[in-house]
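>>> need a structure here:
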Amino acid sequence: MTQCQKLRMSGRDKNILWGLMLHFTVAACQSVHHPSNVCAMTGSTVTIPCTFTPLRTCCSPTGPQVKLKVVRVRWCSNHLICHGTTPSVYDSEFKTTDLNRESRYKYLGNKTGDCTLQIRNVEKSDESILRFRMEVNYSVGHFTEPSGVNLKVVESMKLKVTHDGALSPGGSLSLFCSAQSQHCSFQNMEVTWMKDGHTLSEKGPALRINALTAGDSGNYTCALKNVKNTGSAAFSLIMNVDEEDSDNLILTVGVVFGALLALFTLILLFIIFKRKRAAAAHEGHTSVGEETSVKSDHIYSHIVLSDGHKITQTVDDVSYAAILFKHTKQSSSNRGIAGKEEAVVYSSVVCR
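From the prediction side, this is the model:
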């Protein structure tokens, strides 16, 4: 073997080694999560929950890192790699040639992290191992989840209702519609809930009831949506209000009513007191004004002069007034000092 051949072999080995390392690195950085086993009944609708984590970047052996983006997602049946021209039950790039499956298989996910698949009107031929594959804009980043979902299809099943929670007034209760088979449990089924034969709005496998009351009592059943003769046995929910709780409720209502009545009485008394006080103040101002008017109008005057003459003027019979004027003559010796006569006035007022 020549030296050139040795160098070529050495370079080839390096490329193989690099490729293996890159493959395991890519596989470790990507992941797909879904249940391993799913059971469904013919004629029903089953949903397979699925999430995936794609590779964001990848480094090439001869260049810088490449930013990756998912460009294609696929679900295929009974194929290990699910690549190339492998028939798919769903392909984001190409429509399947199986028109029957195309109308019944619906992809509920996207190209960023959700790979949920739904199968309507399940048939016996749908029983298979389903695998999810994502493809990116760089071939090294393509990935197929190897384990897949083992879908089992049965002709009939028996549903049952189980519960979780406290059966007490005001509590919360969850009812679950489930079924068991020899191979796996039935999950993610589209079911219809009924109470005493009346259909409820809830459609999922779980029914949540919050703040339990006596009105929630009844017989609850579940059945597969659009599938006849799949109703479960009834689950009887009985909510009885205890006598003690009833007495406490009556006591509480009585206390609240009494408090409101007392408050209303206090407000009414306060309003009456304010009105009486305002009326009394108004009457006081009125009496004072009338008394002043009477005193100013009802006056009798009786004036007596020093010479004995009397002047009497009658105004009313309530008040009397008498005035006496007396002049005193002064001697001539005092005239120089005073210069005028002094006057003494006596007056008296009588009010009746």
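
>>> For the stretch 151-300 of the chain, which segments are assigned as strands?
160-165, 173-178, 191-195, 198-199, 206-209, 218-224, 235-237, 300-304 (DSSP state E, counting those that start in this stretch).

>>> out of the ones you listed, nearest to L151?
strand 218-224 (16.2 Å; Cβ to Cβ). The way it works is simple: take the backbone N, C-alpha and C, and place the C-beta from them, glycine included.

>>> buried ones in that closest one?
G218, Y220, T221, C222, A223, L224 (16 or more other Cβ atoms under 10 Å).

>>> need those residues in a markdown table with pLDDT, can you?
Formatted as a markdown table, the buried residues of strand 218-224 follow (pLDDT from 0 to 100):
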| residue | pLDDT |
| --- | --- |
| G218 | 93 |
| Y220 | 95 |
| T221 | 94 |
| C222 | 92 |
| A223 | 91 |
| L224 | 88 |
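
>>> Go through those residues and say which is closest to R74.
L224 (28.5 Å).

>>> Give the bridge partners for that closest one, please.
V191 (DSSP bridges).

>>> With adjacent residues omitted, what lies nearest to L159?
Leaving aside its chain neighbours, L159 sits nearest to S232 (3.8 Å; criterion: Cβ to Cβ, 6 or more residues apart in numbering).

>>> Can you give me the pLDDT of that neighbour?
Looking at S232, its pLDDT stands at 90.

>>> who are the neighbours in contact with it?
K158, L159, K160, V161, C177, T221, C222, A223 (Cβ atoms under 8 Å, 6 or more residues apart in numbering).

>>> Adding distance to D196 as columns, could you present these in JSON lines?
Shown next, in JSON lines, are the contacts of S232 (distance: Cβ to Cβ, whole Å):
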{"residue": "K158", "distance to D196": "21"}
{"residue": "L159", "distance to D196": "18"}
{"residue": "K160", "distance to D196": "18"}
{"residue": "V161", "distance to D196": "14"}
{"residue": "C177", "distance to D196": "17"}
{"residue": "T221", "distance to D196": "9"}
{"residue": "C222", "distance to D196": "14"}
{"residue": "A223", "distance to D196": "14"}
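
>>> which one of these sits closest to G197?
Nearest to G197 among those, with distances taken as Cβ to Cβ, is T221, at 8.3 Å.

>>> where does the stretch 201-350 of the chain have low pLDDT?
241-249, 284-350 (pLDDT under 70).

>>> what's the answer for the stretch 1-150 of the chain, then?
In the stretch 1-150 of the chain, residues with pLDDT under 70: 1-28, 59-63, 96-100.

>>> Do a quick rundown of the helices in it.
For the stretch 1-150 of the chain, applying DSSP state H, counting those that start in this stretch gives helices covering 3-29, 99-104.

>>> Format the strands of the stretch 151-300 of the chain as a markdown table; extra columns: distance to H282.
Shown next, in a markdown table, are the strands of the stretch 151-300 of the chain (distance: least, Cβ to Cβ, whole Å):
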| stretch | distance to H282 |
| --- | --- |
| strand 160-165 | 68 |
| strand 173-178 | 67 |
| strand 191-195 | 69 |
| strand 198-199 | 69 |
| strand 206-209 | 65 |
| strand 218-224 | 68 |
| strand 235-237 | 69 |
| strand 300-304 | 33 |
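
>>> Nearest approach to I119 belongs to which of those?
strand 218-224 (13.4 Å).

>>> how about the CA coordinates for that closest one, as PDB?
The C-alpha coordinates for strand 218-224 follow below in PDB (Å, rounded to 0.1, in the frame of the first residue of the first chain):
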ATOM      1  CA  GLY A 218     -77.500  12.200  40.100                       C
ATOM      2  CA  ASN A 219     -76.400   9.300  37.900                       C
ATOM      3  CA  TYR A 220     -73.400  10.000  35.700                       C
ATOM      4  CA  THR A 221     -72.400   7.900  32.700                       C
ATOM      5  CA  CYS A 222     -70.000   8.200  29.800                       C
ATOM      6  CA  ALA A 223     -69.900   6.800  26.200                       C
ATOM      7  CA  LEU A 224     -67.700   7.000  23.200                       C
END
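
>>> That one vs strand 160-165, what angle?
130 degrees (axes from the mean of the first three to the mean of the last three Cα atoms, to 10 degrees).

>>> and this protein, what are its domains?
Following automatic domain parsing, the chain resolves into domains at 27-154, 160-237, 242-279, 300-351.

>>> Give the burial count for G43, as a bare number.
16 (other Cβ atoms under 10 Å).

>>> same question but for L269, I mixed them up
With other Cβ under 10 Å as criterion, L269 counts 10.

>>> same deal with the one 5 residues further on?
Neighbouring residues of K274 were enumerated by other Cβ under 10 Å; the total is 10.

>>> got it, and V140?
18.

>>> Likewise for the one 10 residues further on?
Each residue near N150 was counted by other Cβ under 10 Å, and the total is 16.

>>> Repeat that for G141.
Considering only other Cβ under 10 Å, G141 is surrounded by 23 other residues.

>>> OK, contacts around it?
So G141 contacts V26, Q30, P54, L55, C58, L68, E135 (Cβ under 8 Å, 6+ apart).
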